[in-house]
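*Asks:* Any chance you can model this:
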Amino acid sequence: MKNQWKETNRARFLIGKLLFKDIRSGDDGDKNGRVRRAKRWALIAIAAVFIAGSILTAGYAFNYYNTLKDVFFAEPTDIEEMSEFSPSAVWFTQESGNPYQIQGILAYLESYEEGSLKLRIVNVNDIPVKLISVQDMDGNYTYPFSEDSYLEPTPSYQSQIFSFNNVQEAMLTKLSEIIVNYQYDDNIARRALVIPFKKMDEEVFNGTEIRTRDNTREFDFIRTDNSSIFFTGDNVRVDQPLFIPSGKTLRISAGQEIDLVNEAFIVSRSPVVFEGTSNQPIRFITSDESGRGLLVLQAQEESFISHSIFDGLDTQRSGIWELTGSVTFYESDVAISYGTFINNPSEDGLNIIRSQFSITDSYFGNTGSDAFDADFCQGVISETVFENTTNDAIDVSGSQVEVINTITRNIGDKGISVGENSTLHLQSVTIENAIVGMASKDYSHLSGKDIDISNTRIALTLYIKKPEFGPARITLEDVHIHGDIDIEYLIQPGSTLVINGQTIQPRAAAKEALLFEKMINGEPIQ
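*Replies:* Residues are numbered from 1 along each chain as shown. Down below sits the predicted model:
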């Protein structure tokens, strides 16, 4: 087996060498230039796979090279050179491309538990395969397939699952040493090593609509011009996922109401411009309580949202793909003024990721979990109110954010939480009625001036939640902590709290150790 893998590695190297040799060949200026360029780009992708390595055996790798040979007209000398490196492979014979000379199946470990084993097996050849048995590499344990266990070739390489019971525990403890014995109609015994993990789940690729790029033609309320996409009518009903392509701007006008029903959501790869007014705000609602909100995905220009209400929306979800925000901006800069995010049952009312943002004169209320979550962002929040959240009001990770003239009240967990090497600066911030007023963790620095904290279980806390980061820091001036407060300062040793220029020393109380344990484990603090 060791020699077989040695041959496989040498074969991979040679395949990559030969492919890159083909890539470099040819003159783009000749009459076949376009064909050669297409050939080269295809080969680049395949060569990268082989150079990076593969779990395929040498025989199966050569099955791919057979295809390359037929499609890209590999030179006979290439085949001869490869035969010198791997004499046991198909290239040792003069029958290059002979299906009887290549591995016919791929077998994956679907699942295993005490006494049972499931394998997913696919025929990757062009001729039928008969499955004989499963055994360990040393041949100590053998479990036969049923007599009619045949795998026919299929255009889409469909797989089947085979189950075995009463499997010895000694075999299940060496999952990387399980063999499938099989044969073609020539009755010659062959074997394939089981790949010790699950085959790529087809649900990842076929069970979600997120890969849809543009289905705007399916909606009769959509109008487009050279640069923009518009919704027509005052009341727009969206009853299936809507995908806006890149290269445009999605524009929604004052007074329009967008009703997302039947689990519909909107994904825009273009920037959005929502231009509501104080008298005629834009409203995103869900009359059947199933709507799944808005995602702006890798838009090339900044989005602008003004006087817009997002009410009762859940997170975007399709198959196994699911986000956390009722409204999400991913790698898409955005400026929000007079935005309202209310009654959203999602994990985040608004989630902004890898973007620059500004949020002014806005309101977040009655959120099912966190009101606002910024991940790897730069931004400013000002003149904004957060209240009645189940978890955090403002949650910042890996970001640099400034919060100005902002109020949080009636917060189910933390008023302000910063983590993962974030920097957050506060100016004139009020926190009323929260479990934790402010938390700085994981090498983050929270600083501020003119801070008012009242009626919290813990006013300020600093700790390490993720061990790959270091201790945290809080530096505050002009802080007023009052009302019903259980613990003013909860400081994990190593972290630093400075109030009005004075460093506050941590206390080693058993009660505080228990609270730290709960916070690190994400348990609620009552």
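
*Asks:* Low-confidence ranges, the stretch 1-150 of the chain, go.
*Replies:* Applying pLDDT under 70 to the stretch 1-150 of the chain flags the ranges 1-98.

*Asks:* Tell me the spacing between residue 348 and residue 191.
*Replies:* Remark: distance between residue 348 and residue 191 (Cβ to Cβ, to the nearest Å) = 51 Å. Backbone N, C-alpha and C define where each C-beta goes, glycine included.

*Asks:* More neighbours: which of these two?
*Replies:* Taking other Cβ atoms under 10 Å, residue 348 and residue 191 do not tie; residue 348 has more neighbours (27 against 16).

*Asks:* got a list of what residue 373 touches?
*Replies:* Each residue near residue 373 by Cβ atoms under 8 Å, 6 or more residues apart in numbering is listed here: 324-325, 347-348, 350-352, 392, 395-397.

*Asks:* Is it possible to get a markdown table of the residues you listed that adds distance to residue 222, pLDDT and secondary structure?
*Replies:* A markdown table is the format used below for the contacts of residue 373 (distance: Cβ to Cβ, whole Å; pLDDT from 0 to 100; DSSP: H, G, I helix; E, B strand; the rest coil):
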| residue | distance to residue 222 | pLDDT | secondary structure |
| --- | --- | --- | --- |
| 324 | 28 | 94 | coil |
| 325 | 24 | 95 | strand |
| 347 | 30 | 93 | coil |
| 348 | 28 | 95 | strand |
| 350 | 25 | 97 | strand |
| 351 | 26 | 98 | strand |
| 352 | 26 | 98 | strand |
| 392 | 37 | 96 | coil |
| 395 | 35 | 97 | strand |
| 396 | 36 | 97 | strand |
| 397 | 36 | 96 | strand |
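
*Asks:* quick one: which of these is nearest to residue 502?
*Replies:* Of all the contacts of residue 373, residue 502 sits closest to residue 396, with 25.6 Å by Cβ to Cβ.

*Asks:* Now do the contacts for that closest one.
*Replies:* Taking Cβ under 8 Å, 6+ apart, we find residue 396 in contact with 373-374, 377, 416-419, 422, 424, 444.

*Asks:* Could you rerun that using 10 Å?
*Replies:* Listed by Cβ atoms under 10 Å, 6 or more residues apart in numbering, the contact set of residue 396 reads 372-377, 379, 381, 403, 416-420, 422-424, 440, 444, 446.

*Asks:* Just the buried ones from those, in ChimeraX syntax?
*Replies:* Buried residues among the contacts of residue 396 (16 or more other Cβ atoms under 10 Å), as a ChimeraX selection:
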select :372,373,374,375,376,377,379,381,403,416,417,418,419,420,422,423,424,440,444,446
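
*Asks:* Burial check on the closest residue to residue 317 other than its chain neighbours, number of neighbours?
*Replies:* Nearest non-adjacent residue to residue 317, counting by Cβ to Cβ, 6 or more residues apart in numbering: residue 292, 5.9 Å away. Number of residues near residue 292 (other Cβ under 10 Å) recorded here: 23.

*Asks:* Distance-wise, check residue 292 relative to residue 318.
*Replies:* Residue 292 is 9 Å from residue 318, by Cβ to Cβ.

*Asks:* now residue 424
*Replies:* 33 Å.

*Asks:* Let me see the domain layout of this protein.
*Replies:* Listed by automatic domain parsing, the domain ranges of the chain are 2-100, 104-200, 392-519.

*Asks:* in the stretch 151-300 of the chain, what spans have low per-residue confidence?
*Replies:* Along the stretch 151-300 of the chain, segments meeting pLDDT under 70 span 200-207.

*Asks:* What segments of it are strands?
*Replies:* Under the criterion DSSP state E, counting those that start in this stretch, the stretch 151-300 of the chain contains strands at 159-165, 178-183, 190-193, 222-224, 228-231, 235-238, 242-244, 249-253, 257-260, 266-268, 272-275, 282-285, 294-297.

*Asks:* Nearest to residue 103 among these would be which one?
*Replies:* Taking the strands of the stretch 151-300 of the chain one by one with Cβ to Cβ, strand 190-193 is closest: 5.9 Å.

*Asks:* Residue 193 reaches residue 178, doesn't it?
*Replies:* Yes - Residue 193 lies in contact with residue 178 (Cβ atoms under 10 Å); the separation is 7.5 Å.

*Asks:* correct me, but residue 384 touches residue 364?
*Replies:* Yes - contact status for residue 384 versus residue 364: in contact at 7.3 Å, counting by Cβ under 10 Å.

*Asks:* Quick check on the two: which one has the bigger neighbour count.
*Replies:* Neighbour count, other Cβ under 10 Å: between residue 384 and residue 364, residue 364 has more, with 26 against 23.

*Asks:* what's the spacing between the more buried one and residue 309?
*Replies:* 12 Å.

*Asks:* Find residues that contact each of the two.
*Replies:* By Cβ under 10 Å, 6+ apart, residue 364 and residue 309 have these common neighbours: 339-342.

*Asks:* Including secondary structure, neighbour count and distance to residue 116, could the residues you listed go into TSV?
*Replies:* Below are the shared contacts of residue 364 and residue 309 laid out as TSV (DSSP: H, G, I helix; E, B strand; the rest coil; neighbours: other Cβ atoms under 10 Å; distance: Cβ to Cβ, whole Å):
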residue	secondary structure	neighbour count	distance to residue 116
339	strand	26	53
340	strand	17	54
341	strand	29	48
342	strand	18	50
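
*Asks:* hmm, back to that, joint contacts of residue 292 and residue 318?
*Replies:* Shared contacts of residue 292 and residue 318, defined by Cβ under 10 Å, 6+ apart, are found at 241, 263, 265.

*Asks:* Top of those residues by number of neighbours, please.
*Replies:* Of all the shared contacts of residue 292 and residue 318, the most densely surrounded is residue 265 (27 neighbours; neighbours counted as other Cβ under 10 Å).

*Asks:* Among the contacts of residue 396, which ones are in strands?
*Replies:* Judged by DSSP state E, these include 372-375, 379, 381, 403, 416-419, 423-424, 440, 446 as members of strands.

*Asks:* quick one: which of these is nearest to residue 184?
*Replies:* Nearest to residue 184 out of the ones in strands among the contacts of residue 396 is residue 375 (Cβ to Cβ; 52.6 Å).

*Asks:* which residues does the closest one contact?
*Replies:* Counting by Cβ under 10 Å, 6+ apart, residue 375 touches 324, 330, 348, 351-355, 395-399, 420, 422.

*Asks:* how does it look with 6 Å?
*Replies:* Shown in contact with residue 375 (Cβ atoms under 6 Å, 6 or more residues apart in numbering): 353, 397.
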